[in-house]
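Visitor: With the input below, show me the fold.
(one chain, ligands or ions: 2)
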Amino acid sequence: MIEKTLSIIKPDGVRKNIIGEVIKRFEANGLKVAAAKMKHLSLKEAQGFYAVHSARPFFSSLCEFMTSGPVLLMVLKGEGAIAKNRELMGATDPAKAAPGTIRKDFADSIESNIAHGSDAPETAAFEIGYFFSGLEIFE
Ligand code: IDP
Ligand code: MG
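Guide: Residues are numbered from 1 along each chain as shown. Ligands and ions are numbered 1, 2, ... in the order given. Predicted coordinates for the structure are as follows:
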């Protein structure tokens with residue numbers, strides 16, 4: 001099934017100057033960039049985005065990290081895009097991520113892990129709508 005998913009290159013990925021490297025991996029694996037914009041999230045925007053994690057011990061640190069610099073927000077589109085994006089990113093903790101994945105290759109820690117990807121159709125719909133209007137997504 002052709003799906004859309006939200007991808008974020010987090011502030012560490014932007015700082016490491018690997019935007020192109022990450023997008024290259026998406027494109028080489030059948031995902032298309034359907035929307036993209038850079039944004040420096042406010043604390044409120046980060047907290048709203050990660051609201052499902054608000055009770056977790058790492059929540060405030062995570063929101064601080066996500067607002068530490070600009071991010072690249074993208075909508076990726078393609079066959080099985082939600083699972084494909086997560087497969088390319090690898091496990092949340094780079095120490096546990098499979099060889100050749102984005103997080104294994106570039107991430108410094110379980111928090112500073114380069115990329116975000118929606119984990120299910122419902123979260124993809126919420127997350128895409130959180131950052132993009134329909135007019136900003138190219139079919
Ligand atoms: P995911 O990004 O692989 O879907 P989630 O469990 O949804 O992982 O967590 C969201 C984000 O919160 C992670 O990408 C990471 O930046 C951060 N995070 C997750 N678990 C921890 C932790 O145990 N310590 C610090 N940060 C964490
Ligand atoms: Mg998640």
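Visitor: quick one, helices of the chain?
Guide: Secondary structure of the chain, counting by DSSP state H: helices at 11-15, 19-28, 43-49, 59-66, 81-89, 102-106, 121-131.
Visitor: what's the closest of those helices to Ser112?
Guide: helix 11-15 (4.4 Å; CB to CB). Every C-beta, even on glycine, is put in place using the N, C-alpha and C of the backbone.
Visitor: could I get the helices of the chain as JSON lines with mean pLDDT?
Guide: Rendered in JSON lines, the data for the helices of the chain read as follows (pLDDT from 0 to 100):
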{"stretch": "helix 11-15", "mean pLDDT": "99"}
{"stretch": "helix 19-28", "mean pLDDT": "98"}
{"stretch": "helix 43-49", "mean pLDDT": "98"}
{"stretch": "helix 59-66", "mean pLDDT": "98"}
{"stretch": "helix 81-89", "mean pLDDT": "99"}
{"stretch": "helix 102-106", "mean pLDDT": "98"}
{"stretch": "helix 121-131", "mean pLDDT": "98"}
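Visitor: looking at these, which is closest to Ala35?
Guide: Nearest of these (CB to CB): helix 121-131, 8.1 Å.
Visitor: List the contacts of the most centrally placed residue in the chain.
Guide: The residue lying closest to the centre of the chain (CA atoms, centre = their mean) is His116, at 2.3 Å. Going by CB atoms under 8 Å, 6 or more residues apart in numbering, His116 touches Leu6, Ser7, Ile8, Lys10.
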